[in-house]
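Undergrad: here are the coordinates; sequence isn't available:
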């Protein structure tokens, strides 16, 4: 089995939607600090509830935000 | 009122009660020690139902007093752990490893109180009857409902401490989710 990792592409979607992190954090009701951790992939997971809110605000699909990538050895 | 608010509110009251108990326990002990004359009836009372030698030496007496101080000291440590636990709960730190460890230590203290009562009784009787004539020396072993209560409570609290440790791990993992 391949060793995969999940990459968060939130910064790409934010750039495409021309939206600031602060505005997104405010819209979905989480702190900027937590959003920053999410963007940098320094979290263990993301709740479906948070993911759904992000998708709703950025008008995208979960697949636009998350990507599975083979871990560099 | 949410459960967290209840925990905070009750913990504040219980923290003050434990502080009061921590102050009152040694004071009560010293008042008792200073005001109760160490006559034969009192010495006999240290080991219920056993006749203590009429000529108890100072060494035996101080030894018995020292032994009878062990349980209150353990009790004070348990109270201090309770105070620290309530102080953490009061600030909203509930599902943490520190709290789980404190709960476990409180349980160990309860278990220690039960064990100490069980161990001290034969030691105390041996100490206070060692100068009795042959045939009148004794080692008494007893098991009463208080010991069983403390042992069971201690065991229960230790298990709750372990469960809280697991809960704190889950809470810690949950905090790393956004």
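TA: Received it, and whenever you're ready, just let me know what you need. Since the model is a prediction, treat every value here as computed from it, not as a measurement. Residues are numbered from 1 along each chain as shown, chains lettered A, B, ... in the order given.
Undergrad: Against residue B:10, how distant is the residue nearest to the spatial centre of chain A?
TA: Using C-alpha atoms, centre = their mean, the residue of chain A that lies closest to the mean C-alpha position is residue A:10, 4.0 Å off. Distance from residue A:10 to residue B:10, counting by C-beta to C-beta, to the nearest Å: 42 Å. In short, each C-beta sits where N, CA and C put it, glycine included.
Undergrad: still on that earlier bit, the residue nearest to the centre of chain A touches residue A:38, doesn't it?
TA: Yes. Using C-beta atoms under 8 Å, residue A:10 is in contact with residue A:38, at 6.3 Å.
Undergrad: Can you give me the pLDDT of residue B:163?
TA: You'll see residue B:163 listed with a pLDDT of 97.
Undergrad: ok, and it, which helix or strand is that part of?
TA: Taking DSSP states H and E as the criterion, residue B:163 maps to helix B:145-175.
Undergrad: chain center to that helix, what's the gap?
TA: Distance, stretch centre to chain centre, for helix B:145-175: 17 Å (C-alpha atoms, centre = their mean, to the nearest Å).
Undergrad: what packs against that helix?
TA: helix B:97-129 (3 or more C-beta pairs under 8 Å, 6 or more residues apart in numbering or on different chains; DSSP states H and E).
Undergrad: helices or strands up against the helix it packs on?
TA: helix B:40-46, helix B:58-90, helix B:145-175.
Undergrad: so who does the closest residue to chain A within chain B touch?
TA: At 4.1 Å from chain A, residue B:176 is the closest residue in chain B, using C-beta to the nearest C-beta. Residues near residue B:176 by C-beta atoms under 8 Å, 6 or more residues apart in numbering or on different chains: A:43, A:44, A:45.
Undergrad: Contacts only, for the last one.
TA: Remark: with contacts taken as C-beta under 8 Å, 6+ apart, residue A:45 is in contact with B:176, B:177, B:178.
Undergrad: one more time with 6 Å, if that's ok
TA: residue B:177 (C-beta atoms under 6 Å, 6 or more residues apart in numbering or on different chains).
Undergrad: Out of the helices and strands packed on helix B:97-129, which is the most enclosed?
TA: Most buried of these, by mean neighbour count (mean count of other C-beta atoms under 10 Å in any protein chain shown): helix B:58-90, with a mean of 17.
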